[in-house]
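[1] Need a 3D model of the following:
(one chain, ligands or ions: 1)
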Amino acid sequence: MTCETHLVTGGGGYPGYHLGKKLAELGKSVILLDIRPPSWQMVEGMKFIQCNITRYDEVEEAFRGVDCVYHLASYGMSGREQLNKKLIEAVNIGGTKNVIDACIKHRISRLVYTSTYNVVFGGQEIMDGEESLPYLPLDKHPDHYSRTKSIAEQLVMEANGREGLHTCALRLAGVYGPGEQRHIPRTMSMVEAGFLLMLYGEGSLQDFLHVDNLVQGHILAMQALSPANHSVAAGQTYFLSDGAPINTFLFFKPLFEGLGYKLPKLQIPLSVVYFIAYLTEWIHYIVGRIYNFQPMLTRTEVYKTGVTHYFSIRKAQRDLGYEPTVQNDLTLVLKEYIAAGHGRKRRKGSSFVYYLVNVIIGLIFASFILSYLPGVK
Ligand SMILES: NC(=O)c1ccc[n+]([C@@H]2O[C@H](COP(=O)([O-])OP(=O)(O)OC[C@H]3O[C@@H](n4cnc5c(N)ncnc54)[C@H](O)[C@@H]3O)[C@@H](O)[C@H]2O)c1
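    Numbers count the residues shown, from 1 in each chain. Below is the predicted model:
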């Protein structure tokens, strides 16, 4: 059976919207399902349905008449969201169960689940990793988002073959591209605030995934679930990236330098950055209930940006015919930032004084919080 009506959960978000847009351009009928509408323009063939995936009745209703489902909706990856463990579980695990049940109820035969590298990675070095790697034990995850994404992926894999449903999972590297809203604005705001004073993870390698490659991988995976393609992807997991591992700071270098910010020369040990992230998480845990600020870095983010972990895309190439068309290219992102008026401006006073003030404020705050931690007097 061909897929005419495609439903994208999380279709209000950056990857989901772009996937839906491409499908609509290919002449498919597309439903973007999300709790919030996309902030980009809808194109012909696209329809938005407001739906909370934690509510089964809403999901069941929205899935009526749908042929295939891409499940991208998730919660808790970064920033403030990480505090709300209950909601993370409800969306990532409960929501995924609802998606599977609604697929079965409506006899939808194809479900592509959008997963993450974090289901196998927890801070250990991985070079050219393959899909045969075991899941990271659940108690070893440094954050609840990764743990719940792993549980959800396993639920989707178990659902393969249930009442005619074919499923697969795509494990993504960090997503980027023009208009991206999760990682790049946060990174740039730290750089613009003057926090790019030193580097860490020298020589380490990580993967990235351009949104165009993400879209290509999802469409190919859906096709590879079809009986016409012998359902080759059914029950399978695939790593998806640009296929060109690079150090995180070198990846961002063209963007930073294009905006007038030089990469610093000073390197500090990863363990020091990890400790700062640990402290930040503690501060966020205590203060976040009153003032839910955006944590600067979490332990998972330190691992993700400073420890070598890159994966092979050979299985996706072989089974799906996946071929990245863009590799580590921030040209359009740079253009976008320049057009929006970003770029280094001269500060009043010396930058040394500015940094010194930042460091002093940080130290006062940290010692204030430390004095409240159990056992730290
Ligand atoms: N962005 C990355 O670097 C990255 C890396 C690996 C995996 N992923 C995966 O890609 C997918 C997209 O995530 P993202 O963070 O990039 O994009 P995103 O945050 O832009 O999209 C997630 C969407 O899910 C929606 N959502 C949250 N709770 C919901 C609910 N209860 N009901 C309906 N919709 C809900 C949000 O409103 C949001 O639009 C996720 O599954 C994520 O785990 C992303």
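[2] and Val120, how many residues sit next to it?
    24 (other C-beta atoms under 10 Å). Any C-beta I mention is one placed from the backbone N, CA and C, and that applies to glycine too.
[3] Need the three-state assignment for the spatially closest residue to Lys262 that is not a sequence neighbour.
    Once flanking residues are discounted, Lys262 sits nearest to Phe256: 7.6 Å by C-beta to C-beta, 6 or more residues apart in numbering. Secondary structure for Phe256, judged by DSSP: H, G, I helix; E, B strand; the rest coil, is helix.
[4] wait, doesn't Phe256 sit right on Ile184?
    No. Assessed by C-beta atoms under 8 Å, Phe256 is found out of contact with Ile184, at 11.2 Å.
[5] what residues are up against the nearest residue to Ile53 once chain neighbours are set aside?
    Distances taken as C-beta to C-beta, 6+ apart place Gly95 nearest to Ile53, at 3.6 Å, with adjacent residues excluded. If you count contacts by C-beta atoms under 8 Å, 6 or more residues apart in numbering, Gly95 has them with 9, 53-54, 59, 73-74.
[6] Show me what residue of the stretch 251-377 of the chain gets nearest to the ligand.
    Of all residues in the stretch 251-377 of the chain, Lys304 sits closest to the ligand, at 9.1 Å by C-beta to the nearest ligand atom.
[7] Next up, the contacts around that residue.
    Lys304 neighbours (C-beta under 8 Å, 6+ apart): 117, 121, 174, 206.
[8] wait, doesn't the second one sit right on Leu136?
    Meaning Phe121. Yes. Using C-beta under 8 Å, Phe121 is in contact with Leu136, at 6.7 Å.
[9] OK, now which residue of the stretch 1-150 of the chain is nearest to the ligand?
    Gly13 (2.2 Å).
[10] about what we covered before: kindly confirm my reading that the residue of the stretch 251-377 of the chain closest to the ligand is in a strand.
    No. Secondary structure of Lys304 (three-state DSSP): helix, not part of a strand.
[11] need the contact list for the residue nearest to Lys262.
    Going by C-beta under 8 Å, 6+ apart, the list of residues near Phe256 reads 191, 196, 262-263.
[12] Intersect those residues with the contacts of the ligand.
    By C-beta under 6 Å from any ligand atom, no member of the contacts of Phe256 lies near the ligand.
[13] Mind listing the strands the helix or strand where Tyr70 lies pairs with, and their directions?
    Tyr70 belongs to strand 68-71 when assigned by DSSP states H and E. Partners of strand 68-71 in the sheet, by DSSP bridges, are strand 5-9 (parallel), strand 110-116 (parallel).
[14] More neighbours: Phe121 and Leu136, which one.
    Just comparing Phe121 and Leu136: by other C-beta under 10 Å the higher neighbour count belongs to Phe121, 22 against 19.
[15] Could you look up the SS state of that one?
    Phe121 ends up coil, using three-state DSSP.
[16] how about low-confidence regions in the stretch 201-350 of the chain?
    346-350 (pLDDT under 70).
[17] can you map out the strands along it?
    Secondary structure of the stretch 201-350 of the chain by DSSP state E, counting those that start in this stretch: the strands cover 208-210, 236-240, 309-311.
[18] so which of those gets nearest the ligand?
    The ligand lies closest to strand 208-210 among the strands of the stretch 201-350 of the chain, at 7.2 Å (C-beta to the nearest ligand atom).
[19] quick one: the residue of the stretch 251-377 of the chain closest to the ligand and Leu170, what's the gap?
    Look at Lys304 and Leu170: by C-beta to C-beta, to the nearest Å, they are 18 Å apart.
[20] Am I right that Val91 sits in a helix?
    Yes. Applying three-state DSSP, one finds Val91 inside a helix.
[21] can you narrow the contacts of Lys304 to ones near the ligand?
    Checking the contacts of Lys304 against the ligand (C-beta under 6 Å from any ligand atom), the matches are Gly174.
[22] right, and out of the contacts of Lys304, which lies closest to Thr325?
    Gly174 (17.8 Å; C-beta to C-beta).
[23] which residues pair with that closest one across the strands?
    Beta-bridge pairing of Gly174 under DSSP bridges involves Phe208.
[24] tell me the contacts of it?
    Counting by C-beta under 8 Å, 6+ apart, Gly174 touches 183, 206-209, 304.
[25] which of the residues you listed tops the neighbour count?
    Phe208 leads the contacts of Gly174 on contacts (other C-beta under 10 Å) with 27 neighbours.
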